[in-house]
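A.B. asks: this one's structure only:
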DNA sequence: TGCTATTTGTTGCGTGTGCAACGATTGGCG
DNA sequence: CGCCAATCGTTGCACACGCAACAAATAGCA
């Protein structure tokens, strides 16, 4: 009898989570089944492919990943010989991270597939719509950061 | 030296996950700290507040939540006296679920706060932008479903 | 210099999640 | 009717995550 106060399927955080979850699981399947990578590992790989040399903390700008998550992902990648650590002699608290040749090979194999999934997703949008979407995501993300300045981790709704 | 194949901060699945994670953690804080609800529990509560009478499987349309997640959330809510189960005599495999008065009270307390968070998020968008966003999310969600027809769970990128 | 606070990264712990297997019930079809 | 497949929901298991505490190193400041 009582009219609904919230309609879940119209609730923005819920819808964002459903969409993010769908895209993530599509990608995670590739990362895992094809390359044995977790999502944190993928993020480390792609960051090192992008920046060549980074510290563990740089992997999680704004606390998108928890530092313990990064630590374990890096350990796993190092054990597989995909990433190497080098001491930073200027600040021995941190370490420089870099891809090994094997790591780079995986990066060069995964990246195109990830981009292909992204492109298949975006294929239903026009060029203008993509720009609009990007702008809207930026606005919302910025606003969300200003509201809850805590760590993110994964996310539901 | 090698140019990046993927720029993570431009990668749509990543950005979607960051945004979804930020909004989720803002909401989860309210659910948990203020009402002792997990996110699956919140979804059950809001669904029952919306539909009055549902089965456990209805809580997870399209497999947005795993059925085991729903099962445990319902058990916890029943133990707290917020939800009741009734056998469905027409099909004794499933059970009808409904909010108790206490459950409804919590629903009526949480829902406005959740909507307030949503409104604060959306406050940076114009009315037209909100409609556009909604449309874009729908298009992408539909496309994402057509690509990977598996369960969702949470989601990263 | 010396002392405290801060930062980087690791690890133990508790918890929540997905998966797969299962019991119970129902549906489909010969 | 009788049998096998499919569906609803629960639970044991393994695993990943976040949190908090921690060690090591550095920064800030008197």
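C.D. replies: Arrived safely, thanks for sending. Computed from a predicted model, the values in this text were never measured in an experiment. Numbers count the residues shown, from 1 in each chain, chains lettered A, B, ... in the order given.
A.B. asks: So for chain A, which residue is the most central one in space?
C.D. replies: Computing the C-alpha centroid of chain A and ranking residues by CA atoms, centre = their mean puts residue A:43 first, at 5.1 Å.
A.B. asks: can you tell me which residues contact that residue?
C.D. replies: A:59, A:65, A:73, B:8, B:14 (CB atoms under 8 Å, 6 or more residues apart in numbering or on different chains). Backbone N, C-alpha and C define where each C-beta goes, glycine included.
A.B. asks: ok, now residue A:87?
C.D. replies: Taking CB under 8 Å, 6+ apart as the contact definition, residue A:87 lies against A:95-96.
A.B. asks: show me the residues around residue A:45 that make contact.
C.D. replies: By CB under 8 Å, 6+ apart, the residues touching residue A:45 are A:37, A:77, A:82-83, A:99, A:103, A:106-107, A:110.
A.B. asks: one step back: give me the subset of the contacts of residue A:43 lying in strands.
C.D. replies: Judged by DSSP state E, the contacts of residue A:43 include no members of strands.
A.B. asks: any residue of the one helix or strand the residue nearest to the centre of chain A maps to up close to DNA strand D?
C.D. replies: Counting by DSSP states H and E, the element that carries residue A:43 is helix A:39-51. Yes. Under the criterion of CB under 7 Å from any atom of the strand, helix A:39-51 makes contact with DNA strand D via A:39-40.
A.B. asks: that older thread, hmm, which two among the contacts of residue A:43 are most spread apart?
C.D. replies: A:73 and B:14 (14.9 Å; CB to CB).
A.B. asks: who's more crowded, the two?
C.D. replies: With neighbours defined as other CB atoms under 10 Å in any protein chain shown, residue A:73 and residue B:14 compare such that residue B:14 has more, 26 against 23.
A.B. asks: I figured that one hits residue B:8, correct?
C.D. replies: Yes. Under the criterion of CB atoms under 8 Å, residue B:14 makes contact with residue B:8 at 5.4 Å.
A.B. asks: Buried ones in stretch A:25-33, by neighbour count?
C.D. replies: A:25-28, A:30-31 (16 or more other CB atoms under 10 Å in any protein chain shown).
A.B. asks: before we move on, what about stretch A:109-117?
C.D. replies: Quick answer for stretch A:109-117 (16+ other CB under 10 Å): A:110-111, A:114, A:117.
A.B. asks: for it, the distance to its chain's centre please.
C.D. replies: 14 Å (CA atoms, centre = their mean, to the nearest Å).
A.B. asks: How about residues contacting it?
C.D. replies: Outside stretch A:109-117, the residues that touch it by CB under 8 Å, 6+ apart are A:23, A:26-27, A:30-31, A:34-35, A:37, A:42, A:45-46, A:49, B:5-6, B:11, B:13, B:147.
A.B. asks: Please list only the buried members of the residues you listed.
C.D. replies: Among these, those buried by neighbour count (16+ other CB under 10 Å) are A:23, A:26-27, A:30-31, A:35, A:37, A:42, A:45-46, A:49, B:6, B:11, B:13.
A.B. asks: Now tabulate the residues you listed in TSV and tack on distance to residue A:142 and pLDDT.
C.D. replies: Output for those, formatted as TSV (distance: CB to CB, whole Å; pLDDT from 0 to 100):
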residue	distance to residue A:142	pLDDT
A:23	21	94
A:26	26	91
A:27	24	93
A:30	30	91
A:31	28	90
A:35	33	93
A:37	30	95
A:42	25	96
A:45	27	96
A:46	23	95
A:49	26	94
B:6	22	90
B:11	18	96
B:13	19	96
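A.B. asks: Name the member of those residues with the shortest distance to DNA strand C.
C.D. replies: Relative to DNA strand C, the closest of the buried ones among the contacts of stretch A:109-117 is residue A:26; by CB to the nearest atom of the strand it sits at 12.2 Å.
A.B. asks: any idea how far the closest one is from chain B?
C.D. replies: Separation of residue A:26 from chain B (CB to the nearest CB, to the nearest Å) stands at 4 Å.
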